[in-house]
Every structure is written in C-alpha cells, then in structure tokens.
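**Student:** A structural model of the following input is requested.
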Amino acid sequence: MLSNMLITTNFDSAALSGLASITHPLREPGHWRLEAHGPRRVPIRTVDIVLRDGGQARVAVDLGHPTQDTDCCTAIEQLLTPGGMINLHDASARGGGFALLFRGSERDPFWDSRVLEPGDHFACMPLRPGRYLLTNLLSNARSSLRVNYPDPRNTAQGLRLASGPLHAKVGRAIAPDELRIDPGQALVFAIEAECHLAATLEEPDDGPPELVEWRALRSRQALEAAFTRRHAS
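**Tutor:** Below you'll find the model as predicted:
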C-alpha cells in the first residue's frame, strides 16, 4: 500500500484513493444513511448515522472496506453530534470510492461526495516531487502546485522538510493560484463553491543533475571512512 502512495500522481475528489480524504459537516438532527460505493458504483457498506447531542464529533468511514463482522447489506449505527463531521477515505488498493448521503428513508441523496459543496473539505498528500495542475472540473478554475524535491544536501546540513498542512480555498477560483509544499505535507482545500477537484502531475522533478556527483562523492567518503576505521582497530 505504501508503494502505491509513493507513486500516486493523480488525486480526484470524486474517486478517493490513497492519501486523500473528504470531510462533510452534518448539522440537522435526525437519522441519516450513508452508502459507501466502490469504483463500479456498487454499494460496499451502509452506515446509519444518528445526529443528536452527546454523539461523537467525527465519524470516519473507509469507503474501500466493509466491516469485518458485517456484509454490505448490514447497516452500522453511529452517533454524531450536530455540527460534527463525516470523514471519508478509501484505504483499498483499487481506490475510486465515493459516498451518497440520504436523509431518513428518502430515496434521493441529500449529498453526493462526487460534487463537493460549501463547507466541505478535501485533503490530499502528493508525495511525488514535481509540478501538478489543480482543476475544479465543474468550473474550470485552475491553480498550480509544486511539490519540492527533497534535496539530500539540505538534509545533510540539518534542514528539515515542512510538515504542517497547507490550506487553500476553492470557489470561483482556487486561491492561492500557486501553491508549494514539501513531500509529506498535507494540502487541505476549503470548498466555497460546488467542486470536483483533480490534481494531476504534469512535470515530474527528479532533482538537480549535480546530485549524481554529490551522491557519488558521499559514497566514496563513506567507504573511505569505513576502510580507515577497519584498519585502525
């Protein structure tokens, strides 16, 4: 699973996979039904959510896996406090999950995770260095993301990669229009207009050419140091 995350170069809010998630707030008390779907639009599991005082602040749902002791037709009940968050992710190898949220016994979905709404958040963590294109496919709003190459020369000098999340907004435009993160940083989008967000690697970054010579020099120095220690003992 980790290797898949390291080579993931595309993120899609309408088809969750790997290091990506969605949060959706629920404010109206009552009974709700969440259907988790796989990439073939087949329901994988159902979660009954009761919104009332005293519930949890967050309900996490893995869209890629049914629970161990239930099947896809058995609902699990969760208690959520008004204003609490539903957190969606897909930890399966295939990915591509989405969810439909229904109010009570209504047949039409109240919310579809494939179309994010104001108040929702989408988060992803691109690890592959390079330049990505960010697009709201519903409005064609665009932005650019640069994932920095982790130069080992900086690490050797004691410099650390940034680790805190970087926040952005998606409305009529994506702001800021140019984003930059280090590998391992989460990118969190606050949704302010209907959104289907996609991030696509357009230009990979394999590091500066002079790193080959630097790594060769470091290897020689390490071998020489090991040889010196061995003959000095």
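**Student:** Tell me, please, the helix or strand in this structure that averages the lowest pLDDT.
**Tutor:** Using mean pLDDT, DSSP states H and E, helix 2-7 stands out as the lowest-scoring helix or strand of the chain, at a mean of 56.
**Student:** Not counting sequence-adjacent ones, nearest residue to the most centrally placed residue in the chain?
**Tutor:** Computing the C-alpha centroid of the chain and ranking residues by Cα atoms, centre = their mean puts A20 first, at 1.6 Å. By the measure of Cβ to Cβ, 6 or more residues apart in numbering, the closest residue to A20 outside its immediate chain neighbours is C124, 4.2 Å from it. From N, CA and C alone the C-beta is placed, and that goes for glycine too.
**Student:** Who are the contact partners of that neighbour?
**Tutor:** 11, 19-21, 186-187, 199 (Cβ atoms under 8 Å, 6 or more residues apart in numbering).
**Student:** top of those residues by neighbour count?
**Tutor:** Within the contacts of C124, A20 tops the neighbour count with 26 neighbours, counted by other Cβ atoms under 10 Å.
**Student:** so what's that one up against?
**Tutor:** 11-13, 89-90, 122-125.
**Student:** The same query, at a cut-off of 10 Å, please.
**Tutor:** 5, 8, 11-13, 88-90, 95, 97, 122-126, 186-187, 197, 199 (Cβ atoms under 10 Å, 6 or more residues apart in numbering).
**Student:** again, but for L88
**Tutor:** Residues in contact with L88 (Cβ under 10 Å, 6+ apart) are 13, 16, 20-24, 34, 36, 59-63, 97-99, 113, 122.
**Student:** Okay, and it sits in which element?
**Tutor:** strand 75-89 (DSSP states H and E).
**Student:** and that strand, how far out from the chain's middle?
**Tutor:** Relative to its chain's centre, strand 75-89 lies at 19 Å (Cα atoms, centre = their mean, to the nearest Å).
**Student:** Looking at F227 now. What's its pLDDT?
**Tutor:** Predicted confidence (pLDDT) for F227: 66.
**Student:** any idea what sits nearest D177, other than its immediate chain neighbours?
**Tutor:** Per Cβ to Cβ, 6+ apart, closest to D177 is S143, 5.0 Å.
**Student:** avg pLDDT for whichever strand or helix holds that neighbour?
**Tutor:** Element membership for S143, per DSSP H and E: strand 141-147. For strand 141-147, the mean per-residue pLDDT is 96.
**Student:** what about H89, distance to L187?
**Tutor:** 15 Å (Cβ to Cβ, to the nearest Å).
**Student:** I meant A60, not that one.
**Tutor:** 20 Å.
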